[in-house]
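**Q** Sequence first, predicted model second:
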Amino acid sequence: MSEPVLTVRGIARSFGDHRVLADLDLEVRAGAAAVLVGPNGAGKSTALRCITGADQPDAGTVEVLGEPLDERSATVRAAMAVVMDDLDFFPDLTVVEHLDLFARAHRTPDADDVVDDVLEEVGLIAQSGQLPASLSSGQRRRLALASAFVRPRRLLVLDEPEQRLDQEGLAWLVDRLLAEKAAGLAIVLASHSQVLVDAIADDVVTLARPT
Ligand SMILES: Nc1ncnc2c1ncn2[C@@H]1O[C@H](COP(=O)(O)OP(=O)(O)OP(=O)(O)O)[C@@H](O)[C@H]1O
């Protein structure tokens, strides 16, 4: 069996005396998907933030490709594509300019072709010249997801990627994530969509709302 792409051991996180995560373990290998489920406030986003280095666990360890997580390392930045809940875009860059930026910054081979293909796939060809403020919320979500698919990646970290997608968008997302797994990507995501969980999860991790 391949080495794990992501290994989480015993992470814990509290805010004041509010314990959100306690002793969370997770291992995700190439071609597999782990899905975090649980009610609002259960700690799914907190866990993903600890995995990406956006937050620090109080205890436990996170390893990416066998190395302790350092989100500044070139290896981690090249491997980990992250789409979280908060969608920040440059207000003065168009849809296609955002994707060009991601693709070129990460040295995607044949960047122009990749960006065109992904724009088509996410259904944003007609909006490619628009600024983010003029997109619908679902179109902004598609742009955020597209940014992960125009760059090299070995680990996808996605926080509720189904949010604001219509039914056709959810069907696309399922197909895309299955294709990512088939291509050897490791995926960890949080979701409230049973359709998505049933379609892609190899491992379902249920977090309970803290008491
Ligand atoms: N920076 C913070 N300071 C204080 N409390 C926080 C902070 N971040 C998260 N929390 C708390 O931690 C708990 C878990 O939040 P989190 O966002 O991880 O939940 P979630 O499972 O992702 O929920 P949802 O399904 O609503 O997205 C919540 O009670 C939240 O208020």
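**A** That came through, no problem.
**Q** and this protein, which residues reach the ligand?
**A** Within the chain, the positions near the ligand by CB under 6 Å from any ligand atom are 15, 20, 38, 40-46, 190. C-beta: built from backbone N, CA, C; applies to glycine.
**Q** again, 5 Å this time
**A** 15, 20, 40-46 (CB under 5 Å from any ligand atom).
**Q** Among these, name the ones in strands.
**A** Secondary structure of those is defined by DSSP state E; positions in strands are 15, 20.
**Q** most surrounded residue in the residues of the chain next to the ligand?
**A** Of all these, Lys44 has the most neighbours under the rule other CB atoms under 10 Å, reaching 25 neighbours.
**Q** now the closest residue to it other than its chain neighbours: how far from Gln56?
**A** Closest residue to Lys44 in three dimensions, ignoring its sequence neighbours and counting by CB to CB, 6 or more residues apart in numbering: Ala190, at 3.6 Å. According to CB to CB, to the nearest Å, Ala190 and Gln56 sit 19 Å apart.
**Q** sorry, back to before: relative to Leu207, which of the residues of the chain next to the ligand is nearest.
**A** Looking at these and their distance to Leu207, the nearest is Ala42, at 4.0 Å (CB to CB).
**Q** Chain neighbours aside, what residue packs nearest to the closest one?
**A** Leu207 (4.0 Å).
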